[in-house]
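Q: model the following, please.
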Amino acid sequence: MSQDAEKRVLLIDTTANFSGGLVYVTEILPRLVALLPGWRIIAFGPRPKNCGIAANHPDVTWVTSNPGILSKGFVVRGILKLFWRQLILPYHALRLHADIVFSTANFSSFAFDLLNIPVVIALHNLVPFHSPDWYKDSTFGMHCRTRFLRAVTLSACRSKATFIVFSKYARALLAKCGVHESRTHLAYHGAPNWDSPWTGADSKCALMVSNYFPYKRMKIVLEAWQKALPALPAGSHLLIQGVVGDTKYFDECRQVAQNLGISGSVEFGRGVPLEQLRTLYQTSRCLLFPAIGENCPITLLEAMQVGIPIIGTTVDPVPEICGPAALYAGDRNSDACASLIVRLFTEPEVAHTLSELGRERSLSFSWDVAAERTAKHIMQVCESSYEQDSSKALARKRVAKNIP
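A: Residues are numbered from 1 along each chain as shown. This next block holds a predicted model:
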């Protein structure tokens, strides 16, 4: 195929559209459109709001054909999307003459190797690389979904796919699974471009921004809050704000708060629009982030950009992302977490120092840089595929022309 005679075709699976995955697609896709002029981009998945030039660009086609994105149940939706990516997406890639596939999910189908279509995977979910003991799924459906995700992700590690990773921690986990460093390319997420400096130095609200899943360690925060509360100013309260991903875990957390006798000082939110979330960062006293098994948490980047003081876990990659811009408590150490909460409520100089360090550190995380590194890698993989296997690539094009 003449490189000048025909546009390159980039097929993007954007159906990883929950929480951080949605932010990623919204930020990265319009930048890829700008960085890949002359490419035809076919995006499978719902069109995100505020996706810039990608929304109506003549070289971008949106296709909504995945039954998983139409399902209401979290588990059912996840399972349907898993099977869709394995069996249906490769058919579309061949039919649409895709030169390369960019997946915002954790894995790609085995069929892409058979079809000689190169794949770049943006690795979001690190659940498959951790001990099952880290994730106690509350229902049988969630357990099945996690087990299947683990299987297909580890299968992708054995494929020809290359990976965009969002932290050195993720790269290290891939290396343990036999993925050579040459197949991984680091591109941290970016911090938002907000003009909302922290004003919560005198606030009585401690904030936790997290969707409700066991690995978010909300119960540790509740235990720490109960221990810290007697030393805090009257009227202090804890706000947990996030989408209810695991209903059973959400109910368990509320029961824990009741058992600890702190229900009156804890509010369990169910998620708010981004503008309201930004206001919460801006006006709360501190952010609590005890989650394990994260990748490059959007929450931490948003918090540092605003400048709200952070209490994080010592578990990677939180120290990698926050560096000196946070205080740290060991995993499951509610005593240490409680002491740090009290410290930020009673030592304003510490809080202000963390705020300044966070604002400064957030400048190191740029969506423009992330998109540039991603686009460069996509182009390199695509060109390498044609140089190494041009005859098979051309044969694939000829076969695809006969597919309806």
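Q: contacts, neighbours, all on C-alpha from now
A: Will do.
Q: how about low-confidence regions in the stretch 251-400 of the chain?
A: Residues of the stretch 251-400 of the chain meeting the criterion pLDDT under 70: 386-400.
Q: contacts only, for residue 327.
A: 310, 311, 312, 340 (CA atoms under 8 Å, 6 or more residues apart in numbering).
Q: just name the closest of those to residue 287, please.
A: The shortest gap between residue 287 and any of the contacts of residue 327 belongs to residue 310, at 4.8 Å (CA to CA).
Q: what about the residue nearest to residue 375 when sequence neighbours are not counted, which helix or strand?
A: The shortest distance from residue 375 to any residue other than its chain neighbours is 6.1 Å, reached at residue 32 (CA to CA, 6 or more residues apart in numbering). For residue 32, the enclosing helix or strand under DSSP states H and E is helix 20-35.
Q: by contact count, what packs against that helix?
A: helix 367-400 (3 or more CA pairs under 8 Å, 6 or more residues apart in numbering; DSSP states H and E).
Q: what number of residues lie near the residue nearest to residue 375?
A: Per other CA atoms under 10 Å, the neighbour tally for residue 32 reads 22.
Q: that one: what's it in contact with?
A: 371, 372, 375.
Q: contacting residues around the last one?
A: Taking CA under 8 Å, 6+ apart as the definition of contact, the neighbours of residue 375 are 32, 35, 36.
Q: how far away is it from residue 160?
A: Look at residue 375 and residue 160: by CA to CA, to the nearest Å, they are 19 Å apart.
Q: avg pLDDT for stretch 89-109?
A: Stretch 89-109 shows a mean pLDDT of 88.
Q: meant to ask about stretch 125-137, not that
A: Here the average pLDDT along stretch 125-137 is 76.
Q: and if you look at stretch 53-64?
A: For stretch 53-64, mean pLDDT is 86.
Q: rewinding a little: buried residues in the helix holding residue 32, which are they?
A: By 16 or more other CA atoms under 10 Å, the buried positions in helix 20-35 come out as 20-22, 24-33, 35.
Q: equivalent analysis for stretch 112-128, please.
A: Counting neighbours by 16+ other CA under 10 Å, stretch 112-128 gives 112, 115-128 as buried.
Q: start to end distance for it?
A: 21 Å.
Q: so what's the gap between that stretch and the chain middle?
A: 16 Å (CA atoms, centre = their mean, to the nearest Å).
Q: then stretch 126-144?
A: 17 Å.
Q: first-to-last residue distance for that stretch?
A: Criterion CA to CA; first-to-last residue distance in stretch 126-144 is 16 Å.
Q: gap between the residue nearest to residue 375 and residue 10?
A: 10 Å.
Q: cool, residue 134 as well?
A: From residue 134 to residue 10 the distance is 36 Å (CA to CA).
Q: residue 214: neighbouring residues, count only.
A: So residue 214, with other CA under 10 Å, has 22 neighbours.
Q: how much space separates it from residue 293?
A: Counting by CA to CA, the gap from residue 214 to residue 293 is 11 Å.
Q: wouldn't residue 51 be in contact with residue 30 here?
A: Yes: contact criterion CA atoms under 8 Å: residue 51 and residue 30 qualify, at 6.0 Å.
Q: next one: phi and psi at the closest residue in space to residue 290 that isn't next to it in sequence?
A: Among residues not flanking residue 290 along the chain, residue 313 sits closest, at 4.9 Å (CA to CA, 6+ apart). Dihedral angles phi and psi of residue 313 (degrees, to the nearest 10) take the values phi -90, psi 160.
Q: good, we can wrap up now.
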